[in-house]
Structures are given as C-alpha cells and as structure tokens.
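Undergrad: please find the sequence and the predicted model below.
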Amino acid sequence: MRRILLTGWFSFQDGEVTAGDVLALRRVQDLLAGAGLAYDTVWSPGYLPEALHLEDVRPETYSHLLFVCGPLHGSQVARLHRRFARCRRIAVGTSVVDPADPAVTGFHRVLARDTPGGAPVRDLSASASKIAPSPVVGVILTHGQREYGGRRRHEEVADTVTRWLGRLDCAPVELETRLDSRDWRLNTTADQFQSVLPRLDCVVTDRLHGLVLALRAGTPVLAVDPVVGGAKVTAQARACHWPALVPAERLDTGELDRWWNWCLTCGRETARSRQREFLEGTPGDGTEGLLDALCTPSGDQDHRQRW
C-alpha cells in the first residue's frame, strides 16, 4: 500500500523551520490530499515536541519519501537516503547547489526550484492555500522604571505576557518607543513609529506611551500596569477613559484573554472613538494653564498644582 512520508529541513533535530518551509509543505499536503494519497509529516522535536518525529518513524511503513523545500546538501539529507533506502525518494521545490552532491544524487527524482543551468520555477510557498489571517499585535514592553523600587513587577509582567502571547494565534511584532538615528532596527522619528500603529490589530503594552500612541492611531490596546497599586499606566488609562487595563497584582491569563477578546471586537470602535476625541476634541492635556504659568512674573511664586 502506498504511503508517503513528508520531510524537509523542518524535520531535522537541528533543522530550521521557516514560514516559507511550512507554506511550501502546505502546498504539497493539499496536492496529496486532493489526489487521495495517504501521507505523514515529520517535524523537528524542537519545533513541535508532540508531533511525529524522524526517530519515531519505521521506514518499512512507507513506499515514498518526499523531501520538500530548502537546499539539497549536507549530512542530514544524506542520512535520509541511507535510512530510507528502500523508499522511492523524491525532492520537490528544492535548490540544487551542486548536482554531484550525494545529497542530490541520492534522490530518484529532483523537481528543483533552481539548479545550475536550469530554468527556475516559482517556489511552492507562492501557491500555498490561503487561510484566514491572524491578528497582528504590536508588543511594547519595558524592563526599566527603577524609580518605582519595590513596587516594580516589570520582569514578572513581561514573562507572563510573553508566555501568554506565545500560545495565541497571532502575529506578534516587537516594537520599541525609543528612537535612534544610528540603529536601523529602531525608528528615527516619532512619525515613523506612529506610522506602524494603525496597521496593527491590537497593541499589548506596559508602557504609558504604548497606550496613548496606540489610541491616538485608533488601535485598541491591552494595557498592563507593571507597578503594584497602579502608577502612570493606570493614571493614563483613566485619563483616556480606556477600560482594557490589567493591574500587576491581578495579572493572569484569564484577565488577558478577556481583554484580548474585547480589544478584537468592541475595542476596535472604542479605540476609533478615542482617536477622534484626541485629534478633534478639546485637548484636556494639562496645557490649559501653561500660558498663564509662563506669563506669571518671575518674582512671583505660584504653588498651585494640578493635584
């Protein structure tokens, strides 16, 4: 009975799993399923610990080994040929660097995407089936703010939030409000940073400006105050009338899940409403008394404070 084993660099213990590999694999899986051909897929244990791994596989179970995507070279590919010597071995969507390499010649057939002297074909990932897009979430966290002393819970907050994000179906984008003209990984101007935020579905942050700038862009925010008892993030959420706030002392995955779901539903329109208030309404940002303070004669002392 014909049964196919799907492998690739995504199958090796030391292999690298990339988005392109997985989409190329999906293209092949869909093709086999449409043809009614039975197959199993083996994954790197470092990527999917609970999946089928090469060491779990009995070669005699399979009639064919199909190697999907990536370059054909190296000892790990060569070992596949030795271990699955009785299988018909086919490579598809692969790059051939050296046609004489045993990793290449060990296959019965190679359907290459590029090979020396040959016409290239499109990568398999280009034709992979489309699925519903995952929410894109900007992640803005800080490990600083030492001024809060013993009330700081920044490390615990970052650990809980990032582990929680790791189990969500979302596309996380790590962002930094710090600007730097010398580091290409950071924005040089505030306008550049602000240009990213409207393109996100949500922002998760424990920073005051992560909260404010996301709302200014009309993007819902799940804010966490990393200071026990609440500090400037809590104060700013109140000033902006923004409800999606989790205090450090109440931080758990249940609260994060609840506000995450709200941000992706009702929170979208609420964020757009806050954006309109920021950009079109009365500022209410403390500048009301600034000109008066500047006009106070230098010899006079004005001890009035907003608090």
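TA: Cool, got the structure. Numbers count the residues shown, from 1 in each chain.
Undergrad: now do the contacts for residue 234.
TA: Counting by CB atoms under 8 Å, 6 or more residues apart in numbering, residue 234 makes contact with 225, 227, 245, 247. C-beta: built from backbone N, CA, C; applies to glycine.
Undergrad: cool, and residue 164?
TA: When contacts are counted by CB under 8 Å, 6+ apart, residue 164 is found next to 253, 256.
Undergrad: give me that answer again for 10 Å
TA: If a contact means CB atoms under 10 Å, 6 or more residues apart in numbering, then residue 164 has 204, 251, 252, 253, 255, 256, 257, 260 as its contacts.
Undergrad: worst-scoring helix or strand of the chain, pLDDT-wise?
TA: helix 290-295 (a mean of 82; mean pLDDT, DSSP states H and E).
Undergrad: which parts of the stretch 51-200 of the chain are helices?
TA: 75-83, 102-105, 154-166, 190-196 (DSSP state H, counting those that start in this stretch).
Undergrad: buried stuff in the first one?
TA: So that's helix 75-83. Buried residues in helix 75-83, counting neighbours by 16 or more other CB atoms under 10 Å, are found at 76, 77, 78, 80, 81.
Undergrad: what of the shortest one?
TA: Within helix 102-105, the residues that count as buried by 16+ other CB under 10 Å are 103, 104.
Undergrad: residues touching it, excluding its own?
TA: Contacts for helix 102-105 (CB under 10 Å, 6+ apart): 67, 71-82, 91, 94, 96-99, 110, 112, 115.
Undergrad: in space, what's closest to residue 267 - neighbours in sequence excluded?
TA: The shortest distance from residue 267 to any non-neighbouring residue, by CB to CB, 6 or more residues apart in numbering, is to residue 220 (3.6 Å).
Undergrad: OK, contacts around that neighbour?
TA: Counted by CB under 10 Å, 6+ apart, residue 220 has contacts 137, 200-203, 214, 242, 244, 259-260, 262-272, 274.
Undergrad: and the most centrally placed residue in the chain, bridged to which residues?
TA: Nearest to the geometric centre of the chain sits residue 172, at 2.8 Å (CA atoms, centre = their mean). Following DSSP bridges, residue 172 is listed with bridge partners residue 137.
Undergrad: now residue 91
TA: Bridge pairing for residue 91 - DSSP bridges - gives residue 67, residue 110.
Undergrad: what about it, how many residues nearby?
TA: Neighbourhood size, residue 91 [other CB atoms under 10 Å]: 26.
Undergrad: burial measure for residue 273, as a count.
TA: Residue 273 has 13 nearby residues by other CB under 10 Å.
Undergrad: how about the host helix or strand of it: buried residues?
TA: According to DSSP states H and E, residue 273 maps onto helix 266-280. Under the neighbour-count criterion of 16+ other CB under 10 Å, helix 266-280 has 267, 268, 270, 271, 274, 275, 277, 278 buried.
Undergrad: correct me, but the third one touches residue 241?
TA: Translated: residue 270. Yes: Residue 270 is within contact range of residue 241, at 9.1 Å (criterion: CB atoms under 10 Å).
Undergrad: from residue 34, how far out is the nearest residue to residue 30 once chain neighbours are set aside?
TA: Of all residues not flanking residue 30 in the chain, residue 129 sits nearest, at 5.4 Å (CB to CB, 6+ apart). Distance, residue 129 to residue 34, by CB to CB, to the nearest Å: 10 Å.
Undergrad: for residue 273, same thing?
TA: 47 Å.
Undergrad: likewise residue 2?
TA: Here the criterion is CB to CB. By it, residue 2 lies 15 Å from residue 34.
Undergrad: same question for residue 42.
TA: From residue 42 across to residue 34, the span is 21 Å (CB to CB).
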